[in-house]
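Q: just need the structure, nothing else, for what follows:
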Amino acid sequence: MKIVVAIDKFKGSATSRQLCDAIEETINQYRPGIEVLKVPLADGGDGTMQAIKELLGDQCRECHVQVPGCLESLSPVHAHYLLDDESSTAYMDLATASGLALVPTSERDVMHASTIGTGVMIVNAIENGARNIVLGLGGSATCDGAMGILFALGCEFRDINGIVIRPCGGNLSLIDHINTQGLSQRVRDVCFTLLTDVDNPLLGEKGASAVFAPQKGASPQQVVELENGLSNLSRFMPKDVVMMPGAGAAGGVAAGMVAMLDAVIIPGVNFVLELSNFDDIIVDAQFIITGEGRIDEQTAMGKAPAGVLRAASRRNIPVIALCGSLDSRADVAAMGFSQVIEVTPKDMPLNEAMKTAITLSLVSKAIKEILSENV
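A: So this is what the prediction gives:
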């Protein structure tokens, strides 16, 4: 008998590797003899680079670089990425250099946050020989339409008076001209692949500002200002980019990089699953265990469990999902899971449930129930 464990992190409490190991340990303890194959997952959100590192092992070396904080008031950040010298490919997470988790809650300011640090990291990778950049977009603190990244790569953004403006969300509406002459041929020759865990467009009620800016601390008025700013930036983009699925990822970073750098957007989970040879791994599996910290309406929009479901459905393999919390509005039946288990008791305080040891204990308890019912 074979069980495949392909689970994403429970954000803030347990990594995908910790969850996979805890599930394997529980299965080995209560059903010894079952073959357990582990695939630590990510879907383009923060933690994607770590999942890729798990899959590629010694094939990649880790590179470190000091980058500007995404707010001028913050100290420089020690960021890192992976570099595969053989394929000249760099794998990186935007969250490593421009992530929301890097900003203290009291200092979060989406209007002035910038992705310039991510741009500096990209420049460093190119200087180290990267000709392909694979960038996970989840977990950003920004809504600047990739202004910061493009500025670091050589673009200039000028206002109506010809003055160069600082790249940040609050200045999007000031853009009157974009000078791309500073983009070197070396940068233009790089192939950019953007890994997303959402399919939101750049603008509108499901766009970058309306959906994600409030999560980064934006007030209702700031959401309107950012929407107007991104709309202004869209004047410099091909029309088909604005409504492209995933264009709104990371505060419009995807749209900006597609428009200016011919980047390609793909679902992050598809990339990770293909890298792991997932279709071959799951052959003859009795069932697959997947999950993420919260299962809600966005799960079906490109998150890791949805990617696992698609792969499993091609082979008619049941998929059981674990989560820390389950949104009551989520239509689990429509998603296609054979079972969804919310591991956190309703009466457990959030700060208790978020402790790593508690999370792993709750997941192990859920696995015992799965084994008693399915094996």
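Q: for residue 68, which non-adjacent residue is closest in space?
A: residue 117 (4.9 Å; Cβ to Cβ, 6 or more residues apart in numbering). From N, CA and C alone the C-beta is placed, and that goes for glycine too.
Q: where's the most centrally placed residue in the chain, which helix or strand?
A: Ranked by distance to the mean C-alpha position of the chain (Cα atoms, centre = their mean), the top residue is residue 45 at 1.5 Å. Secondary structure assignment for residue 45, by DSSP states H and E: no helix or strand.
Q: from what I can see it touches residue 269, true?
A: No - if you go by Cβ atoms under 8 Å, residue 45 and residue 269 don't touch, sitting 9.5 Å apart.
Q: contacts only, for residue 303.
A: Applying Cβ atoms under 8 Å, 6 or more residues apart in numbering, we find residue 303 in contact with 8, 43, 197, 269, 292.
Q: so what does the residue nearest to residue 68 look like in phi/psi?
A: Main-chain torsions, residue 117, degrees, to the nearest 10: phi -60, psi -40.
Q: distance check, it against residue 54.
A: 25 Å (Cβ to Cβ, to the nearest Å).
Q: neighbour count: the two, which is higher?
A: Higher neighbour count among residue 117 and residue 54: residue 117, with 29 against 19, using other Cβ atoms under 10 Å.
Q: hang on, the more buried one packs against residue 99?
A: No - with contact defined as Cβ under 8 Å, residue 117 does not reach residue 99; the gap is 9.4 Å.
Q: okay, and the common contacts of these two?
A: residue 70.
Q: what are the ranges of the strands in the stretch 101-250 of the chain?
A: 132-136, 156-158, 177-179, 191-196 (DSSP state E, counting those that start in this stretch).
Q: circling back: in space, what's closest to the residue nearest to the centre of the chain - neighbours in sequence excluded?
A: Spatial nearest neighbour of residue 45, chain neighbours left out: residue 138 (2.9 Å); criterion: Cβ to Cβ, 6+ apart.
Q: wait, isn't the one you found in contact with residue 49?
A: No - taking contacts as Cβ under 8 Å, residue 138 lies outside contact range of residue 49: 10.8 Å.
Q: test my guess that residue 86 contacts residue 58.
A: No - checked against Cβ under 8 Å, the pair residue 86 and residue 58 is beyond contact range at 11.6 Å.
Q: what's the overlap in contacts for those two?
A: Shared contacts of residue 86 and residue 58, counting by Cβ under 8 Å, 6+ apart, come down to nothing at all.
Q: sorry, back to before: any idea which of the strands of the stretch 101-250 of the chain is most buried?
A: Stretch with highest mean neighbour count among these: strand 132-136 (a mean of 25; mean count of other Cβ atoms under 10 Å).
Q: show me how far the host helix or strand of residue 4 is from its chain's centre.
A: Counting by DSSP H and E, the element that carries residue 4 is strand 2-5. Offset of strand 2-5 from its chain centre (Cα atoms, centre = their mean, to the nearest Å): 24 Å.
Q: need the helices for the stretch 201-350 of the chain, in chain order.
A: With DSSP state H, counting those that start in this stretch as the criterion, the stretch 201-350 of the chain has helices at 220-233, 239-242, 249-261, 268-275, 278-281, 304-313, 332-335, 350-353.
Q: kindly apply the preceding question to the stretch 1-150 of the chain instead.
A: In the stretch 1-150 of the chain, helices defined by DSSP H, counting those that start in this stretch lie at 16-30, 48-56, 94-98, 116-127, 147-153, listed in chain order.
Q: in the longest one, what counts as buried?
A: In other words, helix 16-30. Using 16 or more other Cβ atoms under 10 Å as the test for burial, helix 16-30 gives 16-24, 26-27.
Q: same check on stretch 309-318?
A: Neighbour counts using 16+ other Cβ under 10 Å place 309, 311-312, 317 of stretch 309-318 among the buried residues.
Q: likewise for stretch 335-346?
A: For stretch 335-346, by 16+ other Cβ under 10 Å, it's 335-337, 339-344.
Q: format those as CSV; extra columns: distance to residue 82 and pLDDT.
A: What follows is those, written out as CSV (distance: Cβ to Cβ, whole Å; pLDDT from 0 to 100):
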residue, distance to residue 82, pLDDT
335, 32, 88
336, 33, 92
337, 32, 94
339, 35, 93
340, 33, 94
341, 33, 95
342, 34, 96
343, 31, 97
344, 33, 97
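Q: which of these fall in strands?
A: In strands, judged by DSSP state E, the following of the buried residues of stretch 335-346 are found: 339-342.
Q: what's the pLDDT at the residue nearest to residue 45?
A: You'll see residue 138 listed with a pLDDT of 92.
Q: residue contacts, it?
A: Residues counted as contacts of residue 138 (Cβ under 8 Å, 6+ apart) are 43-46, 48, 93-95, 196-197, 249-250, 268.
Q: next: residue 369.
A: residue 341 are the contacts of residue 369 under Cβ under 8 Å, 6+ apart.
Q: doesn't it belong to a helix?
A: Yes - under DSSP: H, G, I helix; E, B strand; the rest coil, residue 369 sits within a helix.
Q: still on that earlier bit, now do the residue nearest to residue 45 against residue 173, distance only.
A: In this view, residue 138 and residue 173 are 26 Å apart by Cβ to Cβ.
Q: swap in residue 215?
A: Per Cβ to Cβ, residue 215 is found 21 Å from residue 173.
Q: also residue 150?
A: Residue 150 is 17 Å from residue 173, by Cβ to Cβ.
Q: on that earlier part again, who's more crowded, residue 215 and residue 173?
A: Neighbour comparison, residue 215 and residue 173: the larger count goes to residue 173, with 16 against 12 (by other Cβ under 10 Å).
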